[in-house]
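Student: can you look at this prediction? I've put the sequence above it.
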Amino acid sequence: MNIIATIGPKTIDKWILKELIEGGVDIIRLNCSHFNKDDFEKVIGNSRDLKRNLHILIDLSGKKIRVSKSLKYIYKVYNNQEIYFCGEDFYSSISFRDMKERRYVPLNIEKKLIERSDIKTISMKDNTMNFEVISVNDGVIKARVIKGGIIREGKGCNIPGLIEEKNYIRKNDVENINFALQNDTDIICQSFVESSDDIKLIKDIIKDKKNKFKIWAKVETVKGIENINEILNEVDTVIIGRGDLVPEAGILEAVRLQDKAIKIIKENNKRVIIATHLLNSMKNGHLATLPEIESIYNFINLGVDGFLLAGETSIGKVPIRTVKFLKSAIEYYNYKDMRG
């Protein structure tokens, strides 16, 4: 069973990587949503020095909507405050004075995409910040803050009802695929996969290359799970990304959908990895809770093939202890099951 650790500020040093690998990590994940060429190359080099056959997973950003890098300010927003979301093209046309009079937040999409969508809510940061849409006018979303926080460039957004263009791959994903080709990596994972076409686009880019990559799909939307059978025709491993599935589908429906997806994937004799919301308590330095342990136990009984730690190892307070605990839980429940 795989244990995948996302590398971030808390785990980039070589001695911590060594402890993670010795603790049970067999796949290192580099999240391209926070791409840093120097850091990524350092992690790859150190990982290979420590364990030559360690798998390196490059996780592409996919069609994830984020606060644009063109955002000129960092905003702290409060409950019941009004805020305006817009496309990058609209944001570039307004004056600094306009931005100060109204808090405009550009998204990494264009105005026309907002205009043709039916958007009711927006959330950020794995549903820890929430906004209710008041109106949409000329590609600008007027919204009320339901649960506030800090807005800065690059922050991930979930926008149910947004109608995305089909059959395209973003420029940064192409650049990151080329990075994977040029470096010593062996797994490319596309995030926000919603159809088989999302995987075929990647295969077209690497088909003439000598590198032998495994291509995985991360499914984290309702549409992605609805199309799971066609996605399985293109990959042998699916990661269920619960951090985005919850705000995309709602917490009650997300649980049902993940169960449905696991069953379909296993019926097709493919591999499934569970990602995010695994040991959030340990991310904050606390002991694992009973519901977290029970969830891991149930996933093992459903036959999942591994777990992906995200914030627990990238920014968590006790990444090494978290990995060791997850490894011990996997071994304990597998041993108990084998003993009957």
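Tutor: That came through, no problem.

Student: assess the claim that residue 82 and residue 146 are in contact.
Tutor: No: using Cβ atoms under 8 Å, residue 82 makes no contact with residue 146, being 11.7 Å away. (Glycine included, C-beta is placed from N, CA and C.)

Student: so what's residue 234 closest to, chain neighbours aside?
Tutor: Nearest in space to residue 234, with sequence neighbours left out and distances taken as Cβ to Cβ, 6 or more residues apart in numbering, is residue 199 at 4.0 Å.

Student: and what of residue 39?
Tutor: For residue 39, the spatially nearest residue (Cβ to Cβ, 6+ apart) is residue 12, at 6.0 Å.

Student: burial count for that neighbour?
Tutor: A count of neighbours around residue 12, defined by other Cβ atoms under 10 Å, yields 16.

Student: now swap in residue 82 and tell me
Tutor: Residues lying near residue 82 (other Cβ under 10 Å) number 13.

Student: what are the bridge partners for it, then?
Tutor: residue 144 (DSSP bridges).

Student: quick check: it vs residue 128, distance?
Tutor: For residue 82, the distance to residue 128 equals 20 Å [Cβ to Cβ, to the nearest Å].

Student: can you give me the strands for the stretch 101-250 of the chain?
Tutor: For the stretch 101-250 of the chain, the strands defined by DSSP state E, counting those that start in this stretch occupy 104-107, 121-124, 129-137, 140-147, 149-151, 156-158, 187-190, 214-219, 237-241.

Student: give the rounded mean pLDDT of the fourth one.
Tutor: The average of the pLDDT scores along strand 140-147 is 96.

Student: what comes into contact with it?
Tutor: With Cβ atoms under 8 Å, 6 or more residues apart in numbering as the test, strand 140-147 has contacts from 77-86, 90, 104, 114, 119, 122, 128-136.

Student: pull out the buried residues from these.
Tutor: Neighbour counting by 16 or more other Cβ atoms under 10 Å classes 77, 83-86, 90, 104, 114, 119, 122, 129-131, 133, 136 among the contacts of strand 140-147 as buried.

Student: of the residues you listed, which pair is most distant in space?
Tutor: Spanning the widest gap among those are 90 and 130, at 22.8 Å by Cβ to Cβ.

Student: circling back to that earlier point, contacting residues for the residue nearest to residue 39?
Tutor: 39, 42-43.

Student: which residues touch the residue nearest to residue 54 when sequence neighbours are not counted?
Tutor: Distances taken as Cβ to Cβ, 6+ apart place residue 47 nearest to residue 54, at 5.2 Å, with adjacent residues excluded. Neighbouring residues of residue 47 by Cβ under 8 Å, 6+ apart: 17, 21, 28, 54, 56.

Student: cheers, nothing more for now.
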